[in-house]
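Chemist: Quick one, what's the 3D model for this:
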Amino acid sequence: MTHPYWPLFDLRLSVGEVELRPMTEADQLPLAALLPDDVELDPTATRYPGLDKATNRRVISFQHYWNSYGSWRPERWKLPFCVRLGGELVGAQELEAEDFPLLRTVDSASHLAPQVRGRGIGQQMRRAVLALAFGPLRAQVAISSAWHDNYASLAVSRALGYRPNGESLHPRDGGVDTLQHLRLRRSDWLAGDGGAGVLIEGVEACWPYFGLAADGTALARDHPAGPRSAEGTRAGRE
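Modeler: Below is the predicted model:
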């Protein structure tokens, strides 16, 4: 089945037994059940009085999913993937960007079920989205940030060729902690042949959603109409 109005659902990334498909509504319950307790969620997200901590965490994950697609713009987008190993759901991987047609910079986030950690899956799923970013999307830079004690995320970044890009202090658990920043340039990714073995399918219909033409150049954007024009348009439709 193809999705003529939201072709992002037809994207497929795969490397070996690891397959990434954009999340759908049907994925949310199994993903919520899979959400590890050690995954840090948005500290500013709404917590609902009367709900226990586990339920609130899963509500946040649902709202994050809805926001990802509902707020999508070519300049600012978040593309959430389900990660499957041999057909079994094992985690999630996100690729995101701000001012993408201009800055050509992507960021990423992910989590894996505890029982499949330590097997190189985290590296493969990050490699898959980087292959999409540096390949068809023509990104120039990928960035990543992790707390100084998030050894797994930092190890994946270093293994894929990211280089240190400074540190910053942020609130954490009622105190202050160090966030480490890393950066991967397109030239380093291509020199290391990081996309070898990654299969990407279904990207052709998605170009306009990223604000790009098929050759990777940025598309010109129409400016939205002002309040008076918008009102006239609504009246015309009615």
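Chemist: Please export the C-alpha coordinates of the longest helix seen in the chain as CSV.
Modeler: Assignment by DSSP state H gives helix 53-70 as the longest helix of the chain. Taking C-alpha atoms only, helix 53-70 is exported to CSV below (Å, rounded to 0.1, in the frame of the first residue of the first chain):
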residue,chain,number,x,y,z
LYS,A,53,5.2,7.8,36.4
ALA,A,54,5.1,4.9,33.9
THR,A,55,1.8,6.1,32.4
ASN,A,56,2.9,9.7,32.1
ARG,A,57,6.0,8.5,30.3
ARG,A,58,3.9,6.6,27.8
VAL,A,59,1.5,9.6,27.3
ILE,A,60,4.6,11.7,26.5
SER,A,61,5.7,9.2,23.9
PHE,A,62,2.3,9.3,22.2
GLN,A,63,2.2,13.1,22.2
HIS,A,64,5.7,13.3,20.8
TYR,A,65,4.7,11.0,18.0
TRP,A,66,1.6,13.2,17.1
ASN,A,67,3.7,16.4,17.3
SER,A,68,6.3,14.9,15.0
TYR,A,69,4.0,14.7,12.0
GLY,A,70,1.5,17.4,13.0
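Chemist: Which other helices and strands does it contact?
Modeler: helix 28-34, strand 76-85 (3 or more Cβ pairs under 8 Å, 6 or more residues apart in numbering; DSSP states H and E). In short, each C-beta sits where N, CA and C put it, glycine included.
Chemist: Gln28 contacts Ile60, correct?
Modeler: No: using Cβ atoms under 8 Å as the test, Gln28 is too far from Ile60 to be in contact (11.8 Å).
Chemist: Where does the prediction get shaky in this protein?
Modeler: 1, 222-238 (pLDDT under 70).
Chemist: Where do the strands of it begin and end?
Modeler: 12-15, 18-22, 76-85, 88-98, 105-112, 141-147, 163-172, 175-185, 199-201 (DSSP state E).
Chemist: Between those, which one is closest to Tyr209.
Modeler: Nearest of the strands of the chain to Tyr209, taken as Cβ to Cβ: strand 76-85 at 7.5 Å.
Chemist: contacts for the closest one?
Modeler: Here strand 76-85 makes contact (Cβ atoms under 8 Å, 6 or more residues apart in numbering) with 8, 11, 13, 17-23, 27, 31, 64-65, 67-68, 71-72, 89-100, 110, 112, 116, 121, 125, 129, 209-210.
Chemist: Buried subset of those residues, written for PyMOL?
Modeler: Buried members of those, defined by 16 or more other Cβ atoms under 10 Å, are picked up in PyMOL with:
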select buried, resi 8+11+13+18+19+20+21+22+23+27+31+64+65+68+72+90+91+92+93+94+95+96+97+100+110+112+121+125+129+210
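Chemist: is Glu96 in a bridge, and if so with what?
Modeler: Lys78, Asp107 (DSSP bridges).
Chemist: what's it in contact with, if anything?
Modeler: 77-79, 106-109.
Chemist: tell me which residues of the longest helix of the chain are tucked away?
Modeler: Buried residues in helix 53-70 (16+ other Cβ under 10 Å): 56-61, 64-65, 68-69.
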